[in-house]
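[1] missing the sequence, but the structure's below:
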């Protein structure tokens, strides 16, 4: 059997189509989670950098 005939058979079946749809939905959810975590990480790094610079300025001033 060729890959083409196997793929045509898979796409003809309803269960396979449902599996593909669920896979796409899962991929979109993972993408949203990765973007959200990346944004939160950027904000956290900025917060710690701000704390570091303010602490360093306070220590230098005294």
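    Structure's in. What do you need? A quick note: this is a predicted structure, and the numbers were derived from the prediction, not measured. Numbering: from 1, shown residues only.

[2] quick one: average pLDDT of the lengthiest helix in the chain?
    Among all segments of the chain classified by DSSP state H, the helix with the greatest residue count is helix 14-61. For helix 14-61, the mean pLDDT works out to 90.

[3] which other helices and strands contact that helix?
    With contacts taken as 3 or more C-beta pairs under 8 Å, 6 or more residues apart in numbering; DSSP states H and E, helix 14-61 sits against helix 3-12. Backbone N, C-alpha and C define where each C-beta goes, glycine included.

[4] Kindly tell me how buried residue 21 is, as a neighbour count.
    Residue 21 is surrounded by 10 other residues when neighbours are defined as other C-beta atoms under 10 Å.

[5] Next up, the contacts around it.
    For residue 21, the contact set (C-beta atoms under 8 Å, 6 or more residues apart in numbering) is empty.

[6] quick one: it from residue 28, how far?
    Note on residue 21: its distance to residue 28, by C-beta to C-beta, to the nearest Å, is 11 Å.

[7] Near residue 28, how many other residues are there?
    10.

[8] measure it to residue 55 for me?
    When C-beta to C-beta is the yardstick, residue 28 and residue 55 sit 41 Å from each other.

[9] Equivalent analysis for residue 32, please.
    35 Å.

[10] and if you look at residue 41?
    The value you get for residue 41 to residue 55, if C-beta to C-beta is used, is 21 Å.

[11] Repeat that for residue 5.
    Between residue 5 and residue 55 the distance, using C-beta to C-beta, works out to 67 Å.

[12] Would you point out which residue is most central in this protein?
    Most central residue of the chain, judged by C-alpha distance to the mean C-alpha position with C-alpha atoms, centre = their mean, is residue 34 at 2.0 Å.

[13] Show the contacting residues for that residue.
    If you count contacts by C-beta under 8 Å, 6+ apart, residue 34 has none.
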